[in-house]
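>>> dropping the sequence and predicted coords here.
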Amino acid sequence: MTAGGARDLLPSASPVQLIDQNGVATPSDEYTMPPDATLLDCFGRLVVGRRFDQQATALTRQGRLAVYPSSLGQEACQVGPAVALRATDWMFPTYRETVALVSRGIPPGEALGLLRGSEHCGYDPRTYRTAPQCTPLATQAVHAVGLALAARMKHEQVVVLSFLGDGATSEGDTHEALNFAAVLGAPVVFFVQNNQYAISVPVSEQTRAPSLAHKAVGYGMPGVLVDGNDVAAVVAVLERATAHARAGEGPTLVEAVTFRMEAHTNADDADRYRLSSEVENWRSRDPIVRLAAYLRNRSVLDDEIVAAVNVRAESLASRTREELGTDPELDPESLFDHVYGTRRAQLDRQRALLLEELAAERDVVVDGEPQRDLQSADVRPVMQAS
Amino acid sequence: MTPVTMAHALNAALRDAMTEDPSVVVFGEDVAALGGVFRITDGLTRQFGHDRCFNTPLAEAGIVGTAIGMAMYGLRPVVELQFDAFAYPAFEQLVSHAAKMRNRTRGALGLPMVVRIPYGGGIGGVEHHSDSSEAYYAHTPGLTVLTPGTPADAYALLREAIDEPDPVIFLEPKRRYWLKQDAELKRAPELRHRAVVRRQGTDVTLIAYGPMVVTALEAASVADADGWSVEVVDLRALSPFDDETVCASVRKTGRAVVVHEAAGFAGYGAEVVARVSEQCFGSLRAPVLRVAGLDIPYPPPLLEQYHLPNVDRILDAVASLYGTAA
């Protein structure tokens, strides 16, 4: 690679921005402002996404979710991929991407399956072309490379977007995924949301690189630094990266600079590692406020549209409450259903034992009275020990 | 029938699978022009092209993770991890992802993929080239673990592995790559997940797999000359475990010795002993013994002979079942 070629791969000195925090368009030589219709679509997704996120946090307090990692403040990064990707493309989310899942069209009850604790993945990945949310860090990035290569071998024009966080960029699997993608020319976009903290560890303790996007040059792929709270810039950057991949020109590493307004999860205490002044400073860079100001200045957005969007947001929140408001139906026998694709005698024996236990629970008699345990009464009556 | 080596049989299995099914792809370190350090993938790139058999950067998590992504999208990747101990960087991908994807997605995404790993000692390899890591994989629900002991089985089991709807850890006993056998290379679907009795006997059952099958058969021959009738069971599949074949043999002989190269403590043999004891207790005439590697890190090559189970140690174990020294 020539030195000039290497320079072409480097990110810009400051993040790509198309709308500043006051809602004013910033000129860019490289990227074009997305059309108003796209940005209006983004506005709706941002508002609906934020309302959903707040609803999920509330449901966690009510004990309806086992845990919830909020993406409050990161909505531009959550909805950007849903706008930039085609329905035929794939995305590989992490545990913090539930808003991205909903923006992709996954029903809230299914999107929250993992965090509710009733299943590992509540949706069918094939239906939404969205891999299961990954809780180990960066392991999904390598899967994204494999799926992208498989699609290319089948001569399908599929692009794969892998979400990553700033902490995950320190994992070995990030390195392996970036290197494999570059060497094998996989049509992948690595989308790093740098929300400044990996639980409590700041980015400054994660790397000495000038930026996470700078790491791309070491793999021979373009690195792009983008304002992650500017949805116009996020969409423009992702559209170019996906077009690049779709044209067979290989992967791109995008670092979106953003901020996690909430703690890591409901179980975390962010006051132990960051100052409220830092959080307040980021509040002024809110992704929804600036887009609303920009669209209102252009007379694209008015109170009527805002009200309609709010109705949609409330409707999704209400649907989320409904879908999570009742206890999930649990089927203990299903534990054995998908361990292997074919039957295994050992699991059949354990299944039979479990069914015997469940049958015995249903028939417990205390002081001459048969006891009907509520949970075991819910178990399907067809189950019998074989 | 002509004599074939295990290496040749494995190569033929890959070639035949790739010929029959265009979704089978092979990749790993050095597998293309070189044909792998043990030449198991010899000629595949030449015959099928770089799209079907290609080198990857040297990164085992990358190799397995990429295979997972490919299998999610309908391919049947067969990847090579160059040596047993070099597979450990891929451990998280195998245990947390390959093994669980079907379960996590409630059956939506099964992963038909094979991870080939040359394993075990006996070839004078320097450190990190001789591990027997089968217990790690066999302990993991969602993985299937197969290991051949003969050239004919190498072919049949690898074809079986590639046909599986789930990830298979395919452990190749590297010291037997050059083992020759008059064999017709063919599939054996009737033996899927089954152990086989390699030698009939009436006094004691030797339960072995992979590299120790040959050693167990040698021990049985020597024992025969000493007047003991030794049966040898080759497990072939470590997960799932063929209780039926193993227990039928032990119920017949009333005595059993498990043989493997890996360290005995918490090793695969412990599972075999437990199962045999649980299911055949009434038929046992002696405790079920293990002849295993020492509970030490794999030794330097000039000392490996003291670590590895051999005919003498197996015969000692057999003799001890009868309360006499060999």
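Thanks, I have it.

>>> only C-alpha atoms for contact and neighbour calcs from this point on.
OK.

>>> which elements pack onto the helix or strand encompassing residue A:77?
Using DSSP states H and E, residue A:77 falls within helix A:75-84. When contacts are defined as 3 or more CA pairs under 8 Å, 6 or more residues apart in numbering or on different chains; DSSP states H and E, helix A:75-84 packs onto helix A:36-61, helix A:98-103, helix A:231-246.

>>> and the contacts of that helix?
A:42, A:45-46, A:49-50, A:71, A:97, A:99-100, A:103-104, A:161, A:193, A:228-231, A:234-235, A:238-239, A:242, A:256, A:287 (CA atoms under 8 Å, 6 or more residues apart in numbering or on different chains).

>>> just stretch A:213-229 next, same as before
A:6, A:8-12, A:14-17, A:73-77, A:178-179, A:182, A:193, A:209, A:233-234, A:237, A:250-258, A:285-287.

>>> which of those residues fall in helices?
A:6, A:8-9, A:75-77, A:178-179, A:182, A:233-234, A:237, A:287 (DSSP state H).

>>> pull the contacting residues for the residue most central in space within chain A.
Computing the C-alpha centroid of chain A and ranking residues by CA atoms, centre = their mean puts residue A:97 first, at 1.9 Å. Applying CA under 8 Å, 6+ apart to residue A:97 gives the contacts A:71, A:78, A:133.

>>> quick one: buried ones out of the contacts of stretch A:213-229?
A:9-11, A:15-17, A:73-77, A:178-179, A:182, A:193, A:233-234, A:237, A:250-258, A:285-287 (16 or more other CA atoms under 10 Å in any protein chain shown).

>>> quick one on the thing from earlier: tell me how far the helix holding residue A:77 lies from the chain's centre.
9 Å (CA atoms, centre = their mean, to the nearest Å).

>>> helices and strands around the helix or strand that that helix is followed by, which ones?
Counting by DSSP H and E, the element after helix A:75-84 in chain order, helix or strand, is strand A:90-92. With contacts taken as 3+ CA pairs under 8 Å, 6+ apart, strand A:90-92 sits against helix A:139-153, strand A:160-165.

>>> and the stretch 1-150 of chain A, which residues reach chain B?
Applying CA under 8 Å from any CA of the partner chain, we find that the stretch 1-150 of chain A lies next to chain B at A:119-126, A:132, A:139-140, A:142-150.

>>> cutoff 10 Å now
A:114, A:119-127, A:131-134, A:136, A:139-150 (CA under 10 Å from any CA of the partner chain).

>>> the stretch 51-200 of chain B: strands as residue ranges?
With DSSP state E, counting those that start in this stretch, the ranges of strands along the stretch 51-200 of chain B come out as B:53-55, B:76-80, B:114-119, B:144-146, B:168-173, B:180-182, B:196-199.

>>> the first one pairs with which strands?
Its sheet considered, strand B:53-55 pairs with strand B:24-28 (parallel) by DSSP bridges.

>>> related to what we said a few turns ago, any chance of the helices and strands packed on strand A:90-92 in JSON lines, plus mean pLDDT?
Compiled in JSON lines, these are given as follows (pLDDT from 0 to 100):
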{"stretch": "helix A:139-153", "mean pLDDT": "98"}
{"stretch": "strand A:160-165", "mean pLDDT": "98"}
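
>>> for these, which one sits closest to residue B:318?
helix A:139-153 (47.3 Å; CA to CA).

>>> please state the offset of the closest one from the chain centre?
17 Å.

>>> what of stretch B:83-91?
Centre to centre, stretch against its chain (CA atoms, centre = their mean), the figure for stretch B:83-91 is 15 Å.

>>> count of residues packed around residue A:103?
Residue A:103 has 24 neighbouring residues, counting by other CA atoms under 10 Å in any protein chain shown.

>>> ok, residue A:299 - how many residues close by?
Neighbour tally, residue A:299, other CA under 10 Å: 9.

>>> distance from the chain centre to stretch B:66-79, please.
For stretch B:66-79, the distance to the chain centre is 22 Å (CA atoms, centre = their mean).

>>> do stretch A:180-191 as well
19 Å.

>>> do the same with stretch B:223-238
18 Å.

>>> now residue B:235. Nearest residue, chain neighbours left out?
Leaving out its chain neighbours, the residue that sits closest to residue B:235 by CA to CA, 6 or more residues apart in numbering or on different chains is residue B:195, at 4.2 Å.

>>> with residue B:9 instead?
Nearest one to residue B:9, counting by CA to CA, 6+ apart, is residue B:155 at 5.1 Å.

>>> that neighbour and chain A, how far apart?
22 Å (CA to the nearest CA, to the nearest Å).

>>> tell me the residues of the stretch 201-350 of chain A that contact chain B?
A:334-342, A:344-347.

>>> could those go into CSV alongside pLDDT and neighbour count?
Converted to CSV, these look like this (pLDDT from 0 to 100; neighbours: other CA atoms under 10 Å in any protein chain shown):
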residue, pLDDT, neighbour count
A:334, 93, 11
A:335, 95, 13
A:336, 96, 15
A:337, 94, 18
A:338, 96, 21
A:339, 97, 24
A:340, 98, 24
A:341, 97, 18
A:342, 95, 11
A:344, 95, 15
A:345, 95, 13
A:346, 95, 12
A:347, 97, 16
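
>>> closest to residue A:21 out of the residues you listed?
Of those, the one sitting nearest to residue A:21 (CA to CA) turns out to be residue A:338, at 48.5 Å.

>>> the closest one: what's it in contact with?
B:100, B:101, B:102, B:103, B:104, B:105, B:106, B:107, B:108, B:109, B:110, B:142 (CA atoms under 10 Å, 6 or more residues apart in numbering or on different chains).

>>> count of neighbours near the second one?
Looking back up the chat, that one is residue B:101. There are 27 residues near residue B:101, going by other CA under 10 Å.

>>> distance check, the closest residue to residue B:66 other than its chain neighbours against residue A:158.
In this structure, residue B:66 finds its nearest non-sequential neighbour in residue A:146, 3.9 Å apart by CA to CA, 6+ apart. Applying CA to CA, to the nearest Å, the value for residue A:146 to residue A:158 is 12 Å.

>>> looking at the two, which one has more neighbours?
Set side by side, residue A:146 and residue A:158 show more neighbours around residue A:146, with 34 against 24, by other CA under 10 Å.

>>> thinking again about what came up before, make TSV out of the contacts of residue A:97 and add pLDDT and distance to residue A:154.
Formatted as TSV, those follow (pLDDT from 0 to 100; distance: CA to CA, whole Å):
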residue	pLDDT	distance to residue A:154
A:71	96	35
A:78	98	29
A:133	97	25
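
>>> and the one residue in the stretch 201-350 of chain A that gets nearest to chain B, helix, strand or coil?
Ranking the residues of the stretch 201-350 of chain A by distance to chain B (CA to the nearest CA) places residue A:338 first, at 4.8 Å. Recorded secondary structure, residue A:338: coil (DSSP: H, G, I helix; E, B strand; the rest coil).

>>> ok, for it, nearest residue in space, not its chain neighbours?
Per CA to CA, 6+ apart, closest to residue A:338 is residue B:103, 4.8 Å.

>>> next, count neighbours for the one you found.
24.

>>> can you pull the contacts of the closest residue to chain A within the stretch 151-300 of chain B?
Relative to chain A, the nearest point of the stretch 151-300 of chain B is residue B:165 (5.9 Å; CA to the nearest CA). With contacts defined as CA under 10 Å, 6+ apart, residue B:165 is in contact with A:340, A:341, A:342, B:71, B:76, B:102, B:110, B:111, B:112, B:113.

>>> surely the last one meets residue B:162?
When you say that, I think you mean residue B:113. Yes: at 6.8 Å, residue B:113 counts as touching residue B:162 under the criterion of CA atoms under 10 Å.

>>> where do the contact lists of the two overlap?
B:24, B:76, B:77, B:78, B:168.

>>> wait, what's in contact with the last one?
This points to residue B:168. Taking CA under 10 Å, 6+ apart as the test, what residue B:168 contacts is B:78, B:94, B:98-99, B:111-116, B:137, B:142-146, B:158, B:160-162, B:239.
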